[in-house]
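Undergrad: Return atomic coordinates for the entry below.
(one chain, ligands or ions: 1)
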Amino acid sequence: MFNRRKFIKTGAASASLLLLDKQSFAEILPRQKTGKEQFPIVISTWDFGVYANKEAWKTLSKGGRALDAIEAGARVPEELDITNGTVGRTGTPDRDGHVTLDSCIMDEFGNCGSVAAMENIAHPISVARMVMERTPHVMLVGEGATQFAVEQGMKKEKLLTPKAEKAWKEWLKTAKYSPVMNVENGTNRPGGKYNHDTIGMLAIDAKGNISGGCTTSGMAFKMHGRVGDSPIIGAGLYVDNEVGGATSTGVGEEVIRNVGSFLVVELMRQGLSPEEACKEAVMRIIKKKPENAEKVQVGFLAINKKGEYGAYAIQKGFSYAVCNAEKQDLLISGKSYY
Ligand code: ASP
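TA: Predicted structure coming up:
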């Protein structure tokens, strides 16, 4: 389990690092389109994945279990996502001003747990794991999820940061609710640049076992009660220890409609590489709704049992982070349809 006290001690230093490094990733880090790697390995969506991976690596490099690495890693952006405001403590609220968080986790045995639309708890990934390990259920939502988290010893706290509140109030001034959104860096749509991101993580430990997790505050300024793909097993995340794992980011509705992550894993089972499987899932979304292809972003990230990884997105701008024995902070620009 994550050592919260120790993390807070180093929190301030890590926060400024995050801001500084975000500017320079593009220049300083080597890039490649796909990878063939040895395990242990951990891969994560977006640039904050670099920090999440580093924390996960502490567990993986000591021979620890992929599931523990995923939980520890996902907690980093939940705590410190000071640049994006889309995960955990600094998440952006819904249109009524509530920060509601979605998360799920899945292990090498096919066990899984999830929380959706949960308020007032900063670490949904840990609650998702508790649902998996301490209840006979897979998913808890809303007040029930918060109640369960508190019963399990999690701290109940206010999550709307001053920065997120300011952004929400700005948005309210001109807001016309339309759930069509989420083009990279788009500022002319509801939520604009605050629209996303989710951290989706996949890890293979030294024993070759795969686990995954994902956590997000979801679509910015969403309808109260809206739940995206991220807490839905098969949509935002899927792991099959015989084949591999997949996770997604972007417009959750499109991912749910196509059961995206399950689809990617099943395509890998049929012999496609991780990147080919991600591309095929993206193409299916585009084929069903060509009119959406220019308006929405969806990105898939996948790893197979051999430790090969790959990604594919609809729009440009999707990146993912890779960490293994050779490279601790690799950020890769994913291929895309546009
Ligand atoms: N997939 C998330 C959702 O729809 C948001 C994102 O990844 O950008 O809630």
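
Undergrad: which parts of the stretch 201-338 of the chain sit against the ligand?
TA: Counting by CB under 6 Å from any ligand atom, the stretch 201-338 of the chain comes close to the ligand at 216, 218, 219, 228, 229, 230, 249, 250, 251, 252. C-beta coordinates here come from the backbone N, C-alpha and C atoms, glycine included.

Undergrad: what's the pLDDT at the second one?
TA: In other words, residue 218. For residue 218, the pLDDT comes out at 91.

Undergrad: In three-state terms, label the nearest residue to residue 89 once chain neighbours are set aside for me.
TA: Spatially, and ignoring its direct neighbours in sequence, residue 89 is nearest to residue 122 (4.2 Å; CB to CB, 6 or more residues apart in numbering). The three-state label given to residue 122 by DSSP: H, G, I helix; E, B strand; the rest coil is coil.

Undergrad: residues contacting residue 122?
TA: Taking CB atoms under 8 Å, 6 or more residues apart in numbering, we find residue 122 in contact with 78, 79, 88, 89, 155, 157, 159.

Undergrad: Out of the residues of the stretch 201-338 of the chain next to the ligand, which sit inside strands?
TA: Among those, the subset assigned to strands under DSSP state E consists of 216, 249, 250.

Undergrad: Just list the residues touching residue 49, thanks.
TA: Counting by CB under 8 Å, 6+ apart, residue 49 touches 43, 199, 201, 319, 320, 321, 331.

Undergrad: contacting residues around the third one?
TA: Residue 201 makes contacts with 42-45, 49, 52-53, 56, 70, 73-74, 212-214, 247, as judged by CB under 8 Å, 6+ apart.

Undergrad: Could I get the pLDDT score of it?
TA: According to the model's per-residue confidence, residue 201 sits at a pLDDT of 98.

Undergrad: What's the separation between the residue of the chain most remote from its centre and the ligand?
TA: Largest separation from the mean C-alpha position in the chain: residue 173, at 29.3 Å (CA atoms, centre = their mean). The span separating residue 173 from the ligand equals 23 Å under the rule CB to the nearest ligand atom, to the nearest Å.

Undergrad: So what does that residue look like in phi/psi?
TA: The main-chain torsion angles of residue 173 are listed as degrees, to the nearest 10 and equal phi -60, psi -40.

Undergrad: Look at it and report its pLDDT.
TA: Predicted confidence (pLDDT) at residue 173: the value is 85.

Undergrad: for whichever residue of the stretch 1-150 of the chain sits closest to the ligand, what are its contacts?
TA: Ranking the residues of the stretch 1-150 of the chain by distance to the ligand (CB to the nearest ligand atom) places residue 102 first, at 6.1 Å. Taking CB under 8 Å, 6+ apart, we find residue 102 in contact with 114-118, 124, 215-218, 227-228, 230-231, 236.

Undergrad: Give the helix, strand or coil label for it.
TA: Under three-state DSSP, residue 102 falls in the strand class.

Undergrad: Could you point out the bridge partners of it in the sheet?
TA: residue 216 (DSSP bridges).

Undergrad: Ok, residue 45 next?
TA: residue 320.

Undergrad: how close does it sit to residue 309?
TA: Residue 45 sits 12 Å away from residue 309, going by CB to CB, to the nearest Å.

Undergrad: Please enumerate the shared neighbours of these two.
TA: Contact criterion CB under 8 Å, 6+ apart; residues shared by residue 45 and residue 309: residue 301.

Undergrad: Show me which of those two is the more surrounded one.
TA: Relative neighbour count places residue 45 above the other of residue 45 and residue 309, with 31 against 28, counting by other CB atoms under 10 Å.

Undergrad: Strands of the stretch 201-338 of the chain, residue ranges please.
TA: For the stretch 201-338 of the chain, the strands defined by DSSP state E, counting those that start in this stretch cover 210-216, 237-240, 244-250, 298-304, 309-313, 319-324, 330-333, 335-336.

Undergrad: what's the answer for the stretch 51-200 of the chain, then?
TA: In the stretch 51-200 of the chain, strands defined by DSSP E, counting those that start in this stretch lie at 101-106, 112-118, 139-141, 199-204, listed in chain order.
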